[in-house]
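Novice: A predicted structure for the sequence below; I have some questions about it.
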Amino acid sequence: MKNRARVIFMGSGEFGASILKRLAASDFSPMAVFTKSDKPVGRRQILSPSPAKKVAKDSGLKIFEPPSLKNDETEKLIKSLEPDLIIVADYGKIIPKNILEIPKFGALNVHPSLLPRHRGATPIQYTILSGDNETGVTIILMDEQIDHGPIVASEKLKIKSEKLTYTELLKESSALSGDVLLKTLPHWLAGEIKPAPQDETRATFTKILTKEDGKIDWQNPAEKIECQIRAFEDWPGTWSEWKSGDKKLRLKIIKAEILNPKIGCAENKTPGFVFLTEQREMAVNCNPGSLVIRELQSEGKNKTIGKEFLRGYPKIVGAILI
């Protein structure tokens, strides 16, 4: 028997888009999708729709892009849709109490971490930054506070590789989240689940990332910097600067590998010092440890492997990145 619940979906980013795609192909296909407005993307700042909007359009779903949920017009719009349930995933907007109280089954948020760990906007990045060997998905009944409501369902995800990147973990978390949501919804709508409060003593928090968060501090341990590079692969990227004469060149570090987690391997132990390994590869001292730079990109250039970069910029060896 087909589900007859009237569902509104609210989401914007890649994680939200993945959840929406699963919902649209299920018995819980939303009657409406709320997402962020189109925004400029890339070097050319081309106006582009959110990933969730693309999925909604491809699925033939009704789309709304209110600039705010905190006004009477949006509240009236949502009330007119008469939703039984709101599902939220990666929306990027605060949903006020008056909106949360409209559907009789409340609003469920799908979050890619084991709440209350990594509350906030960037749980996947912080999972990698923290060196966690386990993560998961949590579905909560939303309240006014961010990622604070009682837990409706959760499932663990073992991190099998220490080299997992943001893109890879996003894919795994999205797949698990879709599975857990579709498994949970029939029981929630049937009134068979009693939400459990979160343990506030275990709460940790993430934040919205800015470009400056990607700047590498070579005073940090090699292991921490290597995690930063994998965590910030999509945004904001990780970068450092090389002062060559009067010019300062920004270098985006795309891939790196720990050469030694405990000691710098160059005669000059200064953090940020660039040296060659025994295999003639580009490496940088950290504090402690050192990293081999496998792939990087300089401003206005295409990305390249470390050895190719050295051919074009041999003078970087012996320099100190800042």
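Specialist: Cool, the structure landed. Numbers count the residues shown, from 1 in each chain.
Novice: how near is I305 to T127?
Specialist: I305 is 28 Å from T127, where distance means C-beta to C-beta, to the nearest Å. Backbone N, C-alpha and C define where each C-beta goes, glycine included.
Novice: cool, A25 as well?
Specialist: Look at A25 and T127: by C-beta to C-beta, they are 27 Å apart.
Novice: Off-centre distance for the helix or strand containing R311?
Specialist: Secondary structure here is read from DSSP states H and E; on that basis R311 sits in helix 306-312. Its chain's C-alpha centre lies 31 Å from the corresponding centre of helix 306-312 when counted by C-alpha atoms, centre = their mean, to the nearest Å.
Novice: Which neighbouring elements make contact with that helix?
Specialist: Counting contacts by 3 or more C-beta pairs under 8 Å, 6 or more residues apart in numbering; DSSP states H and E, helix 306-312 packs against strand 282-285, strand 290-298.
Novice: Highest mean neighbour count out of the ones you listed?
Specialist: Sort the helices and strands packed on helix 306-312 by mean neighbour count, taking mean count of other C-beta atoms under 10 Å, and strand 282-285 sits at the top with a mean of 26.
Novice: OK, contacts around the residue lying farthest from the centre of the chain?
Specialist: What lies farthest from the middle of the chain is E267; by C-alpha atoms, centre = their mean that is 38.1 Å. E267 makes contacts with F275, as judged by C-beta atoms under 8 Å, 6 or more residues apart in numbering.
Novice: That one - that's part of a helix, no?
Specialist: No - going by DSSP: H, G, I helix; E, B strand; the rest coil, the assignment for E267 is coil, not a helix.
Novice: G318 versus that one, what's the distance?
Specialist: 10 Å.
Novice: low-confidence ranges in the stretch 51-200 of the chain?
Specialist: Judged by pLDDT under 70, the stretch 51-200 of the chain has no weakly predicted residues.
Novice: Would you map the helices across it?
Specialist: Counting by DSSP state H, counting those that start in this stretch, residue ranges of the helices within the stretch 51-200 of the chain are 51-58, 72-81, 97-100, 123-129, 166-189.
Novice: how about CSV for the ones you listed, with mean neighbour count added?
Specialist: Output for those, formatted as CSV (neighbours: other C-beta atoms under 10 Å):
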stretch, mean neighbour count
helix 51-58, 20
helix 72-81, 14
helix 97-100, 16
helix 123-129, 24
helix 166-189, 18
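Novice: any chance of those helices in JSON lines, with distance to F309 too?
Specialist: Supplementary listing: those in JSON lines, determined by distance: least, C-beta to C-beta, whole Å:
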{"stretch": "helix 51-58", "distance to F309": "32"}
{"stretch": "helix 72-81", "distance to F309": "50"}
{"stretch": "helix 97-100", "distance to F309": "50"}
{"stretch": "helix 123-129", "distance to F309": "25"}
{"stretch": "helix 166-189", "distance to F309": "23"}
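Novice: For K158, find the nearest of these.
Specialist: Of all the helices of the stretch 51-200 of the chain, helix 166-189 sits nearest to K158, with 9.8 Å by C-beta to C-beta.
Novice: what does the helix or strand just after the closest one contact?
Specialist: Next helix or strand after helix 166-189 toward the C-terminus (DSSP H and E): helix 222-231. Helix 222-231 is contacted from outside by 125-126, 128-131, 163-166, 214, 216-218, 220, 238, 253-261, 286, 288-291, using C-beta under 8 Å, 6+ apart.
Novice: what's the spacing between helix 222-231 and its chain's center?
Specialist: 15 Å.
Novice: go on, stretch 89-107?
Specialist: In terms of C-alpha atoms, centre = their mean, the gap separating the centre of stretch 89-107 from the centre of its chain is 21 Å.
Novice: No further queries at this time; thank you.
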